[in-house]
Structures are given as structure tokens and as C-alpha cells.
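> Below are the sequence and a predicted model; questions follow.
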Amino acid sequence: MNFRTITAAVFAAMLVPLVGLAQTPAPSAPAAAPKLYIPGLEQFMNVILIEHNKLWFAGAARNWPLADYELGEIKEVMGDVQDHVPVFKNLPLAQMLDAVITKEIVDLEKAIAAKDFKKFAAGYDALNKACNACHAGTENSFIVIKRPTTPAFTNQDYAPRKK
């Protein structure tokens, strides 16, 4: 072997470990976890307001499965508020909502199960009163809930489905 061949072989032997490093991607910085969005109290309450509107029109149409569904949605969002905003303005919002869930919501569930519009209307009005009392208790008495006169969504049919 000549000098050039030996030099090339030694040089190649030294490069082999470096080639392996060059093909290995450099470790990247760990990806930042995506920021988790949690709605604020106003966003939760706006969803409740929509479901509350739909609940009235479902009950008024005697569409009891839809009324039951809408009331379930209200309970679900109230549960989310309890989990994510348990205290508001130093008040125990979770406990305040629990009182509404165990009284007014339960009464509405019973009226819906009985398919009794008279009890449903009275229960709906009692729920409005409880909502307004909570608003007053949190210094938001300027937010007043009442029976709706127009559906929030005019593209939903509230009439019960014919079987």
C-alpha cells in the first residue's frame, strides 16, 4: 500500500464516527404543551342562557325529550362552573349553584318527567328567580333572567317529533 492509500484509510476511519453523528438529528427542545383554554364565568353563563331559552320553548311545545335534554345541558354547564369557577367575588359559587341544582333543577326534572306543563312553567319561573337571586348575590343584579318571548335560534323546530 502506498502512503496515499494508508492516509485515506486512516482519514476514513476517523470520519466514520462523525458520519453517524451527522445523520442523527440534534435533540430538539421539548414541545411546549398547548395552552388549555378554560372559559370564564361569562362564557359558561352565556351557554346556560342559550340552553335556558331553548328549555322554555321545548317545554312550551310539550317536547319533553328535548326539554329533558336542554335541562341536562344546563346541569352539565353548571357542573363545569362548579369545577372551574368554584369561587366568584369571594363567594362560594359552587355551593350557590348546588342549591339551585338540588332544588329548582330537581323540581323541573320532575315536571318534565310528569309531562306537566303547569308544573314546568312554575318550575321554570322558580329557576329564573333563583338565577336572579344568584346574580344579586354576586353584585350582578343588572343581569335579569325572564321567560323568553322569541327563540334564540329560529332555525330549530321545538315541536315534538311524530313517530
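Thanks, I have it. Numbering: from 1, shown residues only.
> how much space between the residue lying closest to residue 146 once chain neighbours are set aside and residue 87?
Nearest non-adjacent residue to residue 146, counting by C-beta to C-beta, 6 or more residues apart in numbering: residue 128, 6.0 Å away. Any C-beta I mention is one placed from the backbone N, CA and C, and that applies to glycine too. From residue 128 across to residue 87, the span is 24 Å (C-beta to C-beta, to the nearest Å).
> more crowded one of these two?
residue 128 (17 against 10; other C-beta atoms under 10 Å).
> Can you tell me the element that one falls in?
helix 117-137 (DSSP states H and E).
> Check which helices and strands that helix sits against.
helix 41-60, helix 93-100, helix 106-114 (3 or more C-beta pairs under 8 Å, 6 or more residues apart in numbering; DSSP states H and E).
> Worst mean pLDDT among the ones you listed?
Lowest mean pLDDT within the helices and strands packed on helix 117-137: helix 93-100, a mean of 91.
> quick check: angle from it to helix 106-114?
With axes from the mean of the first three to the mean of the last three C-alpha atoms, to 10 degrees as the basis, helix 93-100 and helix 106-114 are set at 40 degrees to each other.
> what helices or strands is helix 93-100 leaning on?
helix 64-84, helix 117-137.
> Please tabulate the ones you listed in JSON lines, including the columns distance to residue 41.
Converted to JSON lines, the helices and strands packed on helix 93-100 look like this (distance: least, C-beta to C-beta, whole Å):
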{"stretch": "helix 64-84", "distance to residue 41": "7"}
{"stretch": "helix 117-137", "distance to residue 41": "11"}
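> Of those, which is nearest residue 91?
helix 117-137 (6.6 Å; C-beta to C-beta).
> So what touches that closest one?
Residues outside helix 117-137 that contact it (C-beta atoms under 8 Å, 6 or more residues apart in numbering) are 52, 55-56, 59-60, 62, 67, 91, 96-97, 99-100, 103-105, 107-108, 110-112, 141-147.
> Separate out the buried members of those.
52, 55-56, 59-60, 67, 96-97, 100, 104-105, 107-108, 111-112, 145 (16 or more other C-beta atoms under 10 Å).
> Low-confidence ranges, the chain, go.
1-27 (pLDDT under 70).
> okay, now residue 51: neighbour count?
Neighbours around residue 51, by other C-beta under 10 Å: 21.
> Now do the contacts for it.
70, 73-74, 77.
> now do 6 Å
70, 73-74 (C-beta atoms under 6 Å, 6 or more residues apart in numbering).
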